[in-house]
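[1] heads up, no residue letters with this:
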């Protein structure tokens, strides 16, 4: 049998996690070797979820809430991509995205605020007796930054993933709860664009993480 060229194989695995070959070859490795071969990058994770959709599933026709979920996935996907993010997965009525690169924090901040504003407008314009739009729910968003380990294509792991998911659970309808280290808006045009969305500092007691410094951002009409 021809010996495996491990040095060549490792070079393939350590390419960008978006490339198909890296995922293919990593699947051939034992679990323990893939753990050490995985590539770690600094990035930001964003979770966006529909608030109140469980009640809607219980008391409304399935066609109504399924259309709302489709709207969330479709609109969120477009905004995430416009902000240089990538969708990792959808989990029911929740969308998980990640941002990489030098401006990953600012891109994630702009994306989170854009999502909040977009779905606020969709909900505000919803007519219960008409069909102007089917979207009727506020959204909640959690954001956290940190080292991300890519063991599979488009599937980051790390504490930032867990923290973002838990912070999303602390958000009230129409709010973003963001790890303070993730809040970074430096570009002049983005500062001007998002000035109505002023964050408030807060300390939350998060399970497993303990006390976490966060920024809470609400839609302007809720931000009192």
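    Now that the structure is in, tell me what you want to look at. What you see is a predicted model, and the numbers here were worked out from it, not measured in a lab.
[2] what bits of this structure have low per-residue confidence?
    Within the chain, the set of residues satisfying pLDDT under 70 comprises 1-38, 52-64, 125-135, 222-224.
[3] how about a cut-off of 80?
    Regions of the chain meeting the criterion pLDDT under 80 cover residues 1-39, 51-67, 122-137, 151-153, 220-224.
[4] need the residues that contact whichever strand or helix holds residue 96.
    Taking DSSP states H and E as the definition, residue 96 sits inside strand 94-99. Counting by C-beta atoms under 8 Å, 6 or more residues apart in numbering, strand 94-99 makes contact with 43-50, 72-73, 76-77, 80, 83-90, 105, 107-108, 111, 148, 156, 161, 165, 168, all of which sit outside it. No exception for glycine: its C-beta is placed from N, CA and C like everyone else's.
[5] centroid residue for the chain?
    Closest to where the C-alpha atoms of the chain average out (C-alpha atoms, centre = their mean) is residue 46, at 2.0 Å.
[6] if I pick that residue, what's in contact with it?
    Applying C-beta under 8 Å, 6+ apart, one finds that residue 46 lies in contact with 80, 85, 96-99, 108, 111-112, 141-143, 164.
[7] try it again at 7 Å.
    85, 97, 108, 111, 112, 141, 143, 164 (C-beta atoms under 7 Å, 6 or more residues apart in numbering).
[8] then residue 217?
    Contacts of residue 217 (C-beta under 7 Å, 6+ apart): 113, 175, 176, 178, 197, 199.
[9] please apply the same query to residue 204.
    Contact partners of residue 204, counting by C-beta under 7 Å, 6+ apart, are 170, 212, 214.
[10] just these: which are in strands?
    Using DSSP state E, 212, 214 are the members of the contacts of residue 204 that sit in strands.
[11] just among the contacts of residue 204, which is most surrounded?
    Greatest neighbour count in the contacts of residue 204, by other C-beta atoms under 10 Å, goes to residue 214: 27 neighbours.
[12] gap between it and residue 206?
    9 Å (C-beta to C-beta, to the nearest Å).
[13] for PyMOL, write the selection for the buried entries among the contacts of strand 94-99.
    When burial is assessed using 16 or more other C-beta atoms under 10 Å, the buried subset of the contacts of strand 94-99 is captured in PyMOL by this command:
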select buried, resi 43+44+45+46+47+48+49+50+72+73+76+77+80+83+84+85+86+87+88+105+107+108+111+148+156+161+165+168
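[14] list the buried ones in stretch 118-125?
    Of the residues in stretch 118-125, those buried under the neighbour-count criterion (16+ other C-beta under 10 Å) are 118, 119, 120, 122, 123.
[15] output the residues you listed in TSV; the columns should cover secondary structure and distance to residue 182.
    Converted to TSV, these look like this (DSSP: H, G, I helix; E, B strand; the rest coil; distance: C-beta to C-beta, whole Å):
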residue	secondary structure	distance to residue 182
118	helix	20
119	helix	20
120	helix	21
122	helix	25
123	helix	25
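[16] strands of the protein, start to end?
    39-50, 85-91, 94-99, 139-152, 155-157, 175-179, 200-206, 210-218.
[17] among these, which is nearest residue 193?
    Distances from residue 193 to each of the strands of the chain were compared using C-beta to C-beta; the minimum, 13.7 Å, belongs to strand 210-218.
[18] if anything else comes up later, I'll come back, but that's it for now.
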